[in-house]
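Trainee: Have a look at this prediction, sequence included:
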Amino acid sequence: MRAPYLYDALVSRQTYPRDRFDGVSAASGRVGAHRAENPRMRAGLVLFWAAIATVVLLVAGIFASMVYTGRIDLTPQTAPSYSDTPEVPAVRDTSYSILVLNGTGNPAASTDAVARLEAAGWTADKVIAGAASTTSFATTTVYYSSDADLGAAKGLADLLNAGSIVQSNAYTGASGTPSPGATSANTKQLTIVLGADYQLGTATPAP
């Protein structure tokens, strides 16, 4: 049997379909088309990348949830600074003149405040009572003009249960002179405006 026929006989035994390259003579040096195996991704590699993707999505979801619920703050606040200035203690200083202004509409309020001040050590010439510009003042307030008066203002507020202490020159003249009723320009003065929260009470004796 000649070689071409032998080749044809061998080719006819292949399991894949014949094509035009299978009829090429063996003398030409060609034996047919090259059939490469279809590339396939390995199963282990697929599982590896799937696991990585799952972990990334899980971490991203947890992070987003913590940001949404406020457990992670992406804009942290600057820590507040605290002053080392010592707290000014309250003192009961009877050298101050006290101007009592009644903003309650009840005349008994100013009478009660004056009695409590005199019982606490103030002399009658140091306590001046008058009416406030309004009869609907809400919160009993002590007013002081300078930082040096803060301790005495706290002491007065404690004595008459004032709900507020305010630094202001509202009851002092432009040159620093006390309000009408003070005995001299050098007199130290505090002003208390009695408000609706003022409680009539028993006079507190001097310590």
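Mentor: Arrived safely, thanks for sending.

Trainee: where exactly do the helices run in this structure?
Mentor: Assigned helices in the chain, in chain order: 3-12, 43-68, 107-119, 150-160 (criterion: DSSP state H).

Trainee: What's the local residue count around the closest residue to S97 other than its chain neighbours?
Mentor: Leaving aside its chain neighbours, S97 sits nearest to Q189 (4.5 Å; criterion: C-beta to C-beta, 6 or more residues apart in numbering). Every residue, glycine included, has its C-beta placed from N, CA and C. Residues lying near Q189 (other C-beta atoms under 10 Å) number 23.

Trainee: A60 versus Q189, what's the distance?
Mentor: Plainly put, Q189 is 67 Å away from A60 if you go by C-beta to C-beta, to the nearest Å.

Trainee: try A109
Mentor: According to C-beta to C-beta, A109 stands 67 Å off from A60.

Trainee: Okay, and the beta partners of G130?
Mentor: Beta-bridge partners for G130, by DSSP bridges, are L101.

Trainee: Flag the shaky bits of the protein, pLDDT-wise.
Mentor: Scanning the chain for pLDDT under 70 picks out 1-43, 70-86, 172-187, 202-207.

Trainee: can you rerun that using 50?
Mentor: Applying pLDDT under 50 to the chain flags residues 1, 80-83, 85, 173-185, 203, 205-207.

Trainee: Kindly state the domain boundaries assigned to it.
Mentor: Split into domains by automatic domain parsing, the chain comes to 1-33, 45-72, 97-194.

Trainee: Surely the residue nearest to S97 and L99 touch.
Mentor: Yes. Using C-beta atoms under 8 Å, Q189 is in contact with L99, at 6.3 Å.

Trainee: So what's the residue count around the residue nearest to A196 when sequence neighbours are not counted?
Mentor: Closest residue to A196 apart from its sequence neighbours, by C-beta to C-beta, 6+ apart: A138 at 5.4 Å. Neighbourhood size, A138 [other C-beta under 10 Å]: 13.

Trainee: Quickly note the distance from A152 to Y144.
Mentor: Noted for A152: a distance of 7 Å to Y144, by C-beta to C-beta.

Trainee: Likewise for K188?
Mentor: Per C-beta to C-beta, K188 is found 9 Å from Y144.
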